[in-house]
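Colleague: Have a look at this fold, sequence not included:
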């Protein structure tokens with residue numbers, strides 16, 4: 001087995017390398033620090049042990065010696081260990097020390113490089129660390145020196161100041177006044193552009209632009225990447241210009257369904273908190289009724305599917321699309337139609353209004369037979385409406401939605417979020433059952449979900465005109481812009 005020293009990148013989970021994701025996917029143990037994106041831990045198997053050894057200013061769960069001993073212990077036990085470190089494991093991150101300890105203990109190890117904040121944080125702030133003709137080199141230096149050396153430290157700031165090009169200082173907020181003073185004393189112009197990128201590449205990123213003389217007077221906090229040089233005067237902002245930047249959004253969909261919404265929110269600049277308020281479970285009868293219905297699927301005139309979950313459950317019981325015979329298929333909306341298309345089943349009918357009432361408006365009158373595979377707790381509007389139109393309707397339980405169990409950490413993060421999104425009535429009910437605090441902005445995918453939210457005392461701020469994930473995102477963007 002091997003211990004992998006993996007660079008997690010500076011914060012944006014999308015900056016993890018393919019190799020990093022690969023080894024995480026087969027880890028027995030993940031030993032991670034506080035700068036790792038929480039989402040990256042989901043790449044490890046559910047069975048993997050996760051050990052938080054994060055260090056915060058002034059306090060640490062584990063000393064460095066204890067971390068190293070832990071890696072040696074777990075590696076010696078034959079486990080596949082991933083040491084997930086912020087940024088790059090060998091850039092001011094003590095990965096070299098951990099590698100030497102593993103080598104001396106005779107334990108196989110691999111260093112998986114990561115994207116360093118020295119380059120990524122300035123890039124996300126719109127600051128290229130080099131610029132043709134004007135800044136043709138950059139120097140990366142630590143601002144966090146060994147305190148036993150004394151106040152002046154071990155960095156030759158005179159040499160750093162005079163090497164030219166861009167200076168990037170990591171972990172320097174605590175000594176920023178001294179660093180700027182030393183660079184000015186060494187000959188750098190006090191009016192040289194300077195910037196600090198706080199929590200670079202994360203949704204809470206904040207960029208502060210100043211000069212070498214005035215940077216210490218700004219409101220700075222750790223972790224920050226400090227940039228000194230002509231390039232710090234450039235503002236090619238892109239990340240902080242995204243429409244949902246600086247908003248944290250709670251996603252309440254079932255974990256199996258949430259990936260596309262989470263990815264889209266991050267693309268729009270939002271931070272995300274995943275609170276899977278519902279979990280998709282087997283029907284109460286274990287699926288026997290659904291399997292029996294599939295055996296006689298071709299006997300129906302219509303198969304009406306009201307959710308992507310229902311579509312996937314139905315298709316999972318079909319040998320192939322021939323099971324439908326001459327039966328026509330109706331989908332309540334494009335998301336459900338897409339799920340059917342994954343099984344090569346094209347919906348014959350999709351209403352313009354993606355609710356039960358919209359489907360009833362365009363559904364022909366009977367007689368005939370209709371199969372309606374759906375969630376156990378669905379509304380009865382659709383089967384009752386179809387019967388009134390003369391159809392013989394068989395309602396079959398395809399799945400159940402049960403209450404999710406978020407962690408205490410996730411609940412705490414959700415309590416501090418700006419927006420909560422609801423994509424079904426069950427997400428509303430189950431979220432309120434586990435969360436005491438509701439974010440100030442409530443966004444619903446459509447009128448049925450919004451009505452449930454209001455019935456539970458919530459004020460709905462955003463309701464999508466188009467009842468799809470894309471429609472919900474568009475409505476959110478419009479709401480934030482209007483605010």
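Modeller: It's in. Everything numeric here is computed off the predicted structure, so don't read it as measured data.
Colleague: Using the centroid of the protein, identify the residue furthest from it.
Modeller: Within the chain, residue 367 marks the point farthest from the mean C-alpha position, 48.1 Å out by C-alpha atoms, centre = their mean.
Colleague: hang on, that one packs against residue 393?
Modeller: No - counting by C-beta atoms under 8 Å, residue 367 does not reach residue 393; the two are 11.4 Å apart. (Glycine included, C-beta is placed from N, CA and C.)
Colleague: what's near enough to touch residue 291?
Modeller: By C-beta atoms under 8 Å, 6 or more residues apart in numbering, the contact list for residue 291 reads residue 317.
Colleague: Kindly report the same for residue 356.
Modeller: 306, 332, 379, 381, 382, 385, 448.
Colleague: give me that answer again for 7 Å
Modeller: When the contact criterion is C-beta atoms under 7 Å, 6 or more residues apart in numbering, the partners of residue 356 are 379, 381, 382, 385.
Colleague: Give me the buried stretch members for the strand of greatest length in the chain, please.
Modeller: Ranked by number of residues, the top strand in the chain under DSSP state E is strand 392-403. Judged by neighbour count using 16 or more other C-beta atoms under 10 Å, the buried positions of strand 392-403 are 393, 394, 395, 396, 397, 398, 399, 400, 401, 402.
Colleague: Using TSV, please lay out those together with distance to residue 228.
Modeller: Compiled in TSV, the buried residues of strand 392-403 are given as follows (distance: C-beta to C-beta, whole Å):
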residue	distance to residue 228
393	71
394	72
395	68
396	67
397	64
398	61
399	57
400	59
401	54
402	55
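Colleague: pLDDT of the longest strand of the chain, averaged?
Modeller: Across strand 392-403, the average pLDDT comes to 89.
Colleague: Just give the strands next to that strand in its sheet, each with its orientation.
Modeller: Each strand that strand 392-403 pairs with, and the sense of that pairing, follows from DSSP bridges: strand 278-281 (antiparallel), strand 369-375 (parallel).
Colleague: Where among the ones you listed is average confidence lowest?
Modeller: When the strands paired with strand 392-403 are compared by mean pLDDT, strand 278-281 comes last with a mean of 78.
Colleague: Give me the contact list for that strand.
Modeller: 254, 256, 309, 399, 400, 401, 402, 403, 404, 426, 427, 430.
Colleague: at 10 Å what do you get?
Modeller: Contacts to strand 278-281, defined as C-beta atoms under 10 Å, 6 or more residues apart in numbering, come from residues 252-257, 307, 309, 312-313, 375-376, 398-405, 423-424, 426-431.
Colleague: quick one: the strands in the stretch 151-300 of the chain?
Modeller: Listed in chain order, the strands of the stretch 151-300 of the chain (DSSP state E, counting those that start in this stretch) span residues 166-170, 193-198, 206-211, 224-228, 248-251, 271-274, 278-281.
Colleague: which neighbours does the third one have in its sheet, and in what orientation?
Modeller: As defined by DSSP bridges, the strand partners of strand 206-211 come to strand 193-198 (antiparallel).
Colleague: Okay, angle between the strand it pairs with and strand 224-228 too, please.
Modeller: For strand 193-198 against strand 224-228, the angle by axes from the mean of the first three to the mean of the last three C-alpha atoms, to 10 degrees is 170 degrees.
Colleague: check which helix or strand covers the closest residue in space to residue 385 that isn't next to it in sequence.
Modeller: Distance criterion C-beta to C-beta, 6 or more residues apart in numbering; nearest residue to residue 385, sequence neighbours excluded, is residue 360 at 4.2 Å. Secondary structure here is read from DSSP states H and E; on that basis residue 360 sits in helix 356-362.
Colleague: What are the buried residues along that helix?
Modeller: Within helix 356-362, the residues that qualify as buried are 356, 358, 359, 360, counting by 16+ other C-beta under 10 Å.
Colleague: what does stretch 190-198 give?
Modeller: Neighbour counts over stretch 190-198 (16+ other C-beta under 10 Å) mark 192, 193, 194, 195, 196, 197, 198 as buried.
Colleague: out of the residues you listed, which one sits closest to residue 322?
Modeller: Each of those was scored against residue 322 by C-beta to C-beta, and residue 197 proved nearest at 57.7 Å.
Colleague: Quick check: that closest one touching residue 125?
Modeller: Yes - contact status for residue 197 versus residue 125: in contact at 4.4 Å, counting by C-beta atoms under 10 Å.
Colleague: Could you check how far stretch 250-267 is from the centre of its chain?
Modeller: Computed by C-alpha atoms, centre = their mean, to the nearest Å, the separation of stretch 250-267 from the middle of its chain amounts to 7 Å.
Colleague: and it, what's its mean pLDDT?
Modeller: Rounded to a whole number, the mean pLDDT of stretch 250-267 is 83.
Colleague: got it, and stretch 287-294?
Modeller: Confidence for stretch 287-294, expressed as mean pLDDT, is 93.
Colleague: Now do that stretch: distance to the chain's middle.
Modeller: With C-alpha atoms, centre = their mean as the basis, the mean position of stretch 287-294 lies at 36 Å from the chain mean.
Colleague: Same check on stretch 463-475?
Modeller: Using C-alpha atoms, centre = their mean, the offset of stretch 463-475 from its chain centre is 20 Å.
Colleague: buried set for it?
Modeller: If you call a residue buried by 16+ other C-beta under 10 Å, then stretch 463-475 has these buried ones: 463, 464, 466, 467, 468, 469, 471, 472, 473, 475.
Colleague: secondary structure class for the last one?
Modeller: Put plainly, it is residue 475. Counting by DSSP: H, G, I helix; E, B strand; the rest coil, the backbone at residue 475 sits in helix.
Colleague: quick one, what contacts it?
Modeller: Residue 475 is in contact with 421, 443, 444, 445, 461, 462, 463, 464, 465, 466, counting by C-beta under 10 Å, 6+ apart.
Colleague: what number of residues lie near residue 430?
Modeller: One way to gauge burial is a neighbour count; for residue 430, by other C-beta atoms under 10 Å, it gives 22.
Colleague: Quick one: residues contacting it.
Modeller: By C-beta under 10 Å, 6+ apart, the contact list for residue 430 reads 252, 254, 275, 276, 277, 278, 279, 401, 402, 403, 404, 424.
Colleague: May I see the PyMOL selection of the buried members of those?
Modeller: Applied in PyMOL, the following selects the buried portion of the contacts of residue 430 according to 16+ other C-beta under 10 Å:
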select buried, resi 252+254+275+276+277+278+401+402+404+424
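Colleague: which one of the contacts of residue 430 sits closest to residue 53?
Modeller: Nearest to residue 53 among those: residue 275, at 25.7 Å, using C-beta to C-beta.
Colleague: Any figure for the gap between the closest one and residue 377?
Modeller: From residue 275 across to residue 377, the span is 19 Å (C-beta to C-beta, to the nearest Å).
Colleague: likewise residue 410?
Modeller: 24 Å.
Colleague: More neighbours: the two, which one.
Modeller: The neighbour count for residue 410 versus residue 377, taken as other C-beta under 10 Å, is higher for residue 410 (19 against 12).
Colleague: Tell me if the more buried one really is in a helix.
Modeller: Yes - counting by three-state DSSP, residue 410 is found in a helix.
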